[in-house]
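Peer 1: How does the following fold in three dimensions:
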Amino acid sequence: MQDTNTMDQAKERLLAAALPHVPFDGWSDTTFRAAVADSGLGDALARAICPRGALDLAVAYHKAGDATMQDRLAATDLTSLRFRDRIGQAVLFRLQDADPELVRRGSALFALPQHASEGARLIWGTADAIWRALGDSSTDLNWYTKRATLSAVYGATVLFWLADTSDEKQATTDFLNRRIDNVMQFEKAKAAFRDNPLGKMLARGPLRLLGAIRAPRDTNDLPGH
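Peer 2: Sure thing, here's the model as predicted:
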């Protein structure tokens with residue numbers, strides 16, 4: 001049996017061989033076959049590494065982008081930034097290291113009904129990676145709401161970024177800041193509601209059950225898995 005490191009290295013090799021083909025053939029079986037040939041891994045090993053073919057390579061490309069973003073965040077001093085600006089910087093890091101054409105092809109793949117749930121899991125995973133990198137320690141319902149909100153912001157920003165032709169993608173930065181402003185306004189409204197008499201009454205009654213909700217134990221137990 002291949003050890004984990006060897007299999008990971010083989011997947012990286014297969015993915016690297018696939019990337020030049022994706023702009024022309026998408027994340028398709030044509031691309032996968034070309035990657036197998038170019039990597040020299042052999043079809044049996046390639047299929048063992050990626051049983052779903054190009055879909056698994058597209059997933060690997062997305063997760064590699066998450067890992068690169070986390071490395072950049074770990075190497076960057078964000079202490080002088082407001083927390084909302086740290087989130088914005090994390091999203092921008094994620095986009096800056098991505099190839100628009102590869103992402104566009106991935107968006108088309110994950111828009112297909114049979115792959116939509118996989119795409120949603122990946123976006124949720126990116127949101128989770130950002131929150132964890134920024135030190136989020138929530139373990140209750142807030143764990144879910146933070147990631148759900150950021151998933152929506154990230155997904156919308158990616159779509160805008162793919163169509164952005166402005167210098168240095170400045171329009172994307174402006175769009176992202178507006179979306180984060182919207183979220184902050186919602187959070188303020190939510191806090192105000194919690195502090196008013198009706199909010200306090202609901203917190204003691206119907207909403208009390210929400211207090212029992214707990215975050216998943218590890219990253220393999222994210223919603224959708």
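Peer 1: got a list of what the residue nearest the centre of the chain touches?
Peer 2: Note on the chain: the residue nearest the mean C-alpha position is Thr126, at 2.3 Å, using Cα atoms, centre = their mean. By Cβ atoms under 8 Å, 6 or more residues apart in numbering, Thr126 lies in contact with His62, Gly65, Asp66, Met69, Arg94, Ser151, Tyr154. All C-beta atoms are positioned from the backbone trio N, CA, C, and that covers glycine.
Peer 1: what about the third one, which helix or strand?
Peer 2: The reference is to Asp66. In this assignment (DSSP states H and E), Asp66 forms part of helix 54-74.
Peer 1: Next, the buried residues of that helix.
Peer 2: 54-62, 65-66, 69-70, 72-73 (16 or more other Cβ atoms under 10 Å).
Peer 1: Now do the helix or strand following it: everything it contacts.
Peer 2: For helix 54-74, the following helix or strand on the C-terminal side (DSSP H and E) is helix 83-96. With Cβ under 8 Å, 6+ apart as the test, helix 83-96 has contacts from 65-66, 69, 72-73, 76, 78, 81, 126, 130, 133-134, 150, 153-154, 157-158, 161, 169, 172-173, 176-177, 180, 184.
Peer 1: show me where pLDDT drops low in the chain?
Peer 2: Low-confidence segments of the chain, defined by pLDDT under 70: 1-4, 186-225.
Peer 1: Could you pull out the helices in the chain for me?
Peer 2: Along the chain, counting by DSSP state H, helices occupy 4-18, 22-25, 29-39, 43-49, 54-74, 83-96, 100-110, 116-133, 141-163, 170-195, 197-204.
Peer 1: rewinding a little: for the helix holding Asp66, output the C-alpha coordinates as PDB.
Peer 2: The C-alpha coordinates for helix 54-74 follow below in PDB (Å, rounded to 0.1, in the frame of the first residue of the first chain):
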ATOM      1  CA  ALA A  54     -11.000  15.400 -13.000                       C
ATOM      2  CA  LEU A  55     -13.500  16.300 -10.300                       C
ATOM      3  CA  ASP A  56     -11.000  15.200  -7.600                       C
ATOM      4  CA  LEU A  57      -8.300  17.300  -9.300                       C
ATOM      5  CA  ALA A  58     -10.600  20.300  -9.200                       C
ATOM      6  CA  VAL A  59     -11.200  19.700  -5.500                       C
ATOM      7  CA  ALA A  60      -7.500  19.400  -4.900                       C
ATOM      8  CA  TYR A  61      -6.800  22.700  -6.800                       C
ATOM      9  CA  HIS A  62      -9.400  24.500  -4.600                       C
ATOM     10  CA  LYS A  63      -8.000  23.000  -1.300                       C
ATOM     11  CA  ALA A  64      -4.400  23.900  -2.400                       C
ATOM     12  CA  GLY A  65      -5.600  27.500  -2.700                       C
ATOM     13  CA  ASP A  66      -7.000  27.400   0.800                       C
ATOM     14  CA  ALA A  67      -3.700  26.100   2.100                       C
ATOM     15  CA  THR A  68      -1.700  28.800   0.300                       C
ATOM     16  CA  MET A  69      -4.000  31.400   1.700                       C
ATOM     17  CA  GLN A  70      -3.500  30.100   5.300                       C
ATOM     18  CA  ASP A  71       0.200  30.200   4.800                       C
ATOM     19  CA  ARG A  72       0.100  33.800   3.700                       C
ATOM     20  CA  LEU A  73      -2.100  34.700   6.600                       C
ATOM     21  CA  ALA A  74       0.200  33.000   9.100                       C
END
